[in-house]
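*Asks:* Next comes the sequence, and after it the predicted model I'd like to discuss.
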Amino acid sequence: MAYKDVYAAWQADPEAFWMDAAKAITWDKSPSKALFDENAPLYEWFSDGMVNTCYNAVDRHVENGRGDQVAIIYDSPITGNKAKITYAQLQNRVAAIAGALKAKGVEKGDRVIIYMPMVPEALMAMLAVTRIGAVHSVVFGGFASNELAVRINDAKPKAIIAASCGIEPGRVIAYKPLLDGAIDIAEHKPEFTIILQREEAVADLIDGRDFDWAELEASAEPADCLPVEGNHPVYILYTSGTTGQPKGVIRHTGGHLVALNWTMKNLYNVDPGDVFWAASDVGWVVGHSYITYGPLIHGNTTIVFEGKPVGTPDAGTFWRVISEHNVKSFFTAPTAFRAVKREDPKGDFVKKYDLSCLKQVYLAGERADPDTIVWAQEQLKVPVIDHWWQTETGYAIAANPLGIEELPVKLGSPSVPMPGYDVQILDEGGHPMPAGELGAIAIKLPLPPGTLPTLWNAEERFKSSYLNAFPGYYETGDAGYKDEDGYLYIMARTDDVINVAGHRLSTGAMEEVLASHPDVAECAVIGVTDQLKGQLPLGLICLNAGTDRPEGEVTAECVKLVRDKIGPVAAFKLCIVVDRLPKTRSGKILRATMVSIADGKDYKMPATIDDPAILEEIREALHSLGYAG
């Protein structure tokens, strides 16, 4: 079947489509139907089925004779450690940790916070929690104590599983003092913690509260999988909220299993046994969906990579891992590729490795500018697929579904909506916009299985954040348009559409032009306040390694390029060179924070910022232009 046939089949009978997809999951009790809409606009999927996530991700592969297949490859260029863990070994270790949790009183529905770096035990902890019907909430390892405390107070965990430390290039981050600080601050206190001791920084354990992972694993009675209802939460994942109070996105068990399993072949074009690598972190949604659950549910081998795209040890680390571990599908953020491209613009490191195993590359997390995609296509000689999704959806809203059909790539577009997603472009009054016109991107309800059914203990906030702006739709918070072929273009967050003298302009379109300049490695465009025009676009560019031209020449060329490509209407005159851009750890550029700095407004330091020092550099750069107070 072609993509249009598959999408049409879903449109014609969503119930039949998802019930058919559900057959690939092993149910303890099959659901009677797919969609439960009694509480619309709060929808649920497969609610009356009984099923266990860990069983589907681990045990069933062992029972089906694939216990000797490698489930997890651990590759840590930072520590020099590597390991391969088979499905049978994974089953034994997960059952033991689940047994330890159970013995200490963790029951179905209890929450367990996981605060760990990129080590296989992070995945084991997640799976162990789901094995006994508890609900995990992974918090990015190394998060500050006060941010961790906010999540402890919201999730109210019975237990916390942490590592003694995380390891970054050139430094060891002790997690235990951060964890102790968070528990001290938090109003809710966990009953106990489990600490994975790493030799780089062994933690002091508090008697009676902290327990050693290795000792518990060695002595525990293994726990069996506990079937739970299809609408039982698998996890809570906190995403940043505009109020400063993070939003707890939840995922229901049945839909999560069905949707992720469906995507592994249809989207990522891998078969059971193939090696799949998402170069992300378990603290992010990509790590949940495509390091842990998606690949393991589908019977793939997944890679846990403890490193960075550059500097561990060089810009060739991605290609080494792909070559060494026979990766078929690779998923990363455009930011990571931009970092590699900046260090290795001619692709010299790519040529050092045999990448014949690699069949396709996927980008998500930030808008993939055409220049980065073209660079990757030329270097890797495989399809490079931009696809678009959110923490809230858990998997792709729009993509090029290579496992169904390889559609023509249109640079700048994540291609077309996936089955389950009826994507519309709406004006401010909620009316559909013509092809080619910029508007708010919204998805007609119900959202498909595996997406967020609501927020953790915050139903009204869920409605006000996502459903109230356009009744009958989920508001994505992104702005964009569709072309005449139905391809979607994500141009900016709704907040990043700027208004220059009454013209609504996309910062993404300007960034696309700037990124096409041969000396520009990476860029961001923000709207700064202007007395005359309301807002003016300001470009911040980072130059490629080895560029020795005067900065003024490059910025002048960039200004001319934008004026030539977008026109005088953009009023693009301001462009400066900076060493680096402020980002979250997942690679998202902090545009809104830079706008606040430029306009001299107060702002809250984002909890997920990778390096706070960059904001001071940005402030100084903006100050040189007469902004930032």
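*Replies:* On my side now, so go ahead.

*Asks:* Does A598 touch P537 like I think?
*Replies:* No: with contact defined as C-beta atoms under 8 Å, A598 does not reach P537; the gap is 11.2 Å. All C-beta atoms are positioned from the backbone trio N, CA, C, and that covers glycine.

*Asks:* Name the residues contacting each of the two.
*Replies:* Between them, A598 and P537 share these contacting residues under C-beta atoms under 8 Å, 6 or more residues apart in numbering: I526, V528.

*Asks:* What's the biggest helix in this protein, counting residues?
*Replies:* Longest helix in the chain by number of residues (criterion: DSSP state H): helix 87-103.

*Asks:* which is the next helix or strand following that one?
*Replies:* Using DSSP states H and E, the next helix or strand after helix 87-103 towards the C-terminus is strand 111-115.

*Asks:* Paired strands for that following strand, with orientation please.
*Replies:* Paired neighbours of strand 111-115 in the sheet (DSSP bridges): strand 135-138 (parallel), strand 159-163 (parallel).

*Asks:* Make JSON lines from the ones you listed and add mean pLDDT to it.
*Replies:* Listed next are those as JSON lines, based on pLDDT from 0 to 100:
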{"stretch": "strand 135-138", "mean pLDDT": "98"}
{"stretch": "strand 159-163", "mean pLDDT": "98"}
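
*Asks:* Flag the helix or strand of this structure with the lowest per-element mean pLDDT.
*Replies:* In the chain, the helix or strand scored least confidently by mean pLDDT, DSSP states H and E is strand 503-506, which has a mean of 72.

*Asks:* and the angle for the longest helix of the chain with strand 159-163?
*Replies:* 140 degrees (axes from the mean of the first three to the mean of the last three C-alpha atoms, to 10 degrees).

*Asks:* average pLDDT across stretch 531-544?
*Replies:* On average, the pLDDT along stretch 531-544 is 89.

*Asks:* Show me what counts as buried in it.
*Replies:* Across stretch 531-544, burial judged by 16 or more other C-beta atoms under 10 Å covers Q535, L536, P537, L538, G539, L540, I541, C542, L543, N544.

*Asks:* returning to what we had before: any idea which of the strands paired with strand 111-115 gets closest to K604?
*Replies:* Shortest distance between K604 and these, using C-beta to C-beta, is found for strand 135-138: 21.5 Å.

*Asks:* quick check: angle from the helix or strand just after that closest one to strand 159-163?
*Replies:* As assigned by DSSP H and E, the chain's next helix or strand after strand 135-138 is helix 145-155. Helix 145-155 and strand 159-163 meet at an angle of 150 degrees, taking the same axes, to 10 degrees as the criterion.

*Asks:* ok, the residue lying closest to V554 once chain neighbours are set aside - contacts?
*Replies:* Using C-beta to C-beta, 6 or more residues apart in numbering and skipping residues adjacent in sequence, the residue nearest V554 is D519, 5.1 Å away. Counting by C-beta under 8 Å, 6+ apart, D519 makes contact with L543, N544, T547, R549, V554.

*Asks:* before we move on, back to that, right, so the strands paired with strand 111-115: which one is the most enclosed?
*Replies:* strand 159-163 (a mean of 27; mean count of other C-beta atoms under 10 Å).

*Asks:* what comes into contact with that strand?
*Replies:* Residues contacting strand 159-163 (C-beta under 8 Å, 6+ apart): 101, 104, 106, 110, 112-117, 119, 121-122, 125, 141, 152, 175-176, 179, 183, 190-198, 213.

*Asks:* one step back: after the least confident helix or strand of the chain comes which helix or strand?
*Replies:* Following strand 503-506 in sequence, per DSSP H and E, is helix 507-515.

*Asks:* give the contact list for F572.
*Replies:* For F572, the contact set (C-beta under 8 Å, 6+ apart) comprises M510, P537, G539, V559, V562, R563, I566.

*Asks:* Tell me which of the residues you listed fall in strands.
*Replies:* Of these, the ones assigned to strands by DSSP state E are P537, G539.

*Asks:* Could I get the pLDDT score of G287?
*Replies:* Looking at G287, its pLDDT stands at 96.

*Asks:* Could you shift the numbering so residue one becomes 519, and keep it that way?
*Replies:* Right, with 519 as the first residue, what we last looked at is G805.
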